[in-house]
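[1] give me coordinates for this.
(one chain, ligands or ions: 2)
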Amino acid sequence: MRQTHHPGHAAGRLPPQGNPAADHPLRGAAFVLAAHRPDQLPADAGVEIAFAGRSNAGKSSAINALSGQAKLARTSATPGRTQQLVVFALADGRRLIDLPGYGYAKVPVALRDHWRQAIDAYLRRRQCLRGLVLISDIRHALTEFDRQMLAFCATRGLPCLVLLSKADKLSRAQARTRQREVDGAIAAHGWPGATIAFSATTGAGVAEARAAVMALLE
Ligand SMILES: Nc1nc2c(ncn2[C@@H]2O[C@H](COP(=O)(O)OP(=O)(O)O)[C@@H](O)[C@H]2O)c(=O)[nH]1
Ligand SMILES: [Mg+2]
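    Ligands and ions are numbered 1, 2, ... in the order given. Okay, the predicted model is just below:
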């Protein structure tokens, strides 16, 4: 096929050739909508996985790293910014849901309760939900909410992929120790969780996490 010149394509900024989702399906993820309440989400059909985590844990950065798109989800140095259920869809319609970050102390109590209930309702009722991706800072122990998410997955029989984020902040040995501690807590409770040490900054664990996320979406 003959290529025509396009003035918007400066050297080095040519788009990838062919189907953008060709190398991995998450690359085709696109923003659909942001909801304030679970009833504003797309119809409860098809296949969906949700991303949960404490505010500032690196949830948006993880979604961007997994999708290979630097600006898909908004990242912020200011915790407590994402207070919506953000929906992304793959080319074939399967969805990723970015749940509101929890645990940010400066959010007013009433708003925190609102989101707590919204997350709770979503996780309890959503039939198309196939699994949860929990983002937890590798430097900290699992929070009370992390534990509730894992216990919730056990109750509903859903798998939970735990991305131990910001692994670049620790040495390899420290990261391994932290991961073993979390694995131990998961095993002790019989939670349906699997951990991956992850860094959006260095890309460590991203390929493995991508494969695990795609497995959840099967
Ligand atoms: N060093 C490092 N910083 C990270 C990583 N992931 C996120 N961050 C930083 O942590 C802060 C919060 O990240 P964000 O993705 O917005 O967190 P969210 O609130 O959970 O969505 C930002 O300043 C990010 O740049 C990582 O893998 N390594
Ligand atoms: Mg975020």
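
[2] and the strands in the protein?
    30-35, 48-53, 85-89, 95-98, 129-137, 160-165, 193-197 (DSSP state E).

[3] residues near Val107, how many?
    Neighbour count of Val107, defined by other C-beta atoms under 10 Å: 19. Just so you know, the C-beta spots here come from the backbone N, C-alpha and C atoms, and that holds for glycine as well.

[4] what residues does the helix or strand of the chain with the lowest mean pLDDT touch?
    Of all helical and strand segments in the chain, the minimum by mean pLDDT, DSSP states H and E falls on helix 109-125, at a mean of 85. Contact with helix 109-125 is made by 37-38, 41, 44, 50, 52, 83, 85, 97, 99-100, 102, 104, 107, 129, 132, 149, 152, 156, as judged by C-beta atoms under 8 Å, 6 or more residues apart in numbering.

[5] mind listing what's buried in it?
    Of the residues in helix 109-125, Arg112, His114, Trp115, Ala118, Ile119, Tyr122, Leu123 count as buried by neighbour count, 16 or more other C-beta atoms under 10 Å.

[6] any idea how far the fifth one lies from Leu66?
    Ile119 is 20 Å from Leu66, where distance means C-beta to C-beta, to the nearest Å.

[7] is ligand 1 contacted by the least confident helix or strand of the chain?
    No. Using C-beta under 6 Å from any ligand atom, helix 109-125 stays clear of ligand 1, with a minimum separation of 13.0 Å.

[8] just give the closest residue to Leu26, not the sequence neighbours.
    Distances taken as C-beta to C-beta, 6 or more residues apart in numbering place Ser67 nearest to Leu26, at 4.7 Å, with adjacent residues excluded.

[9] quick one: contacts for the closest residue to Ile186 other than its chain neighbours?
    Leaving out its chain neighbours, the residue that sits closest to Ile186 by C-beta to C-beta, 6+ apart is Gly193, at 4.3 Å. By C-beta under 8 Å, 6+ apart, the residues touching Gly193 are Leu134, Leu150, Cys153, Pro159, Cys160, Leu161, Val162, Ile186.

[10] measure Gly93 to Pro108 for me?
    Counting by C-beta to C-beta, the gap from Gly93 to Pro108 is 36 Å.

[11] the two - which one has more neighbours?
    Between Gly93 and Pro108, Gly93 has the larger neighbour count (other C-beta under 10 Å), namely 12 against 8.

[12] I'd say that one and Gly46 touch.
    Yes. The criterion here is C-beta atoms under 8 Å, and Gly93 meets it with Gly46 at 5.6 Å.

[13] which residues touch the residue nearest the centre of the chain?
    Residue closest to the mean C-alpha point of the chain, counted by C-alpha atoms, centre = their mean, is Phe51 at 3.5 Å. Neighbour list for Phe51: Lys59, Ala62, Ile63, Leu96, Ile97, Asp98, Leu99, Leu132, Val133, Leu134, Ile135 [criterion: C-beta under 8 Å, 6+ apart].
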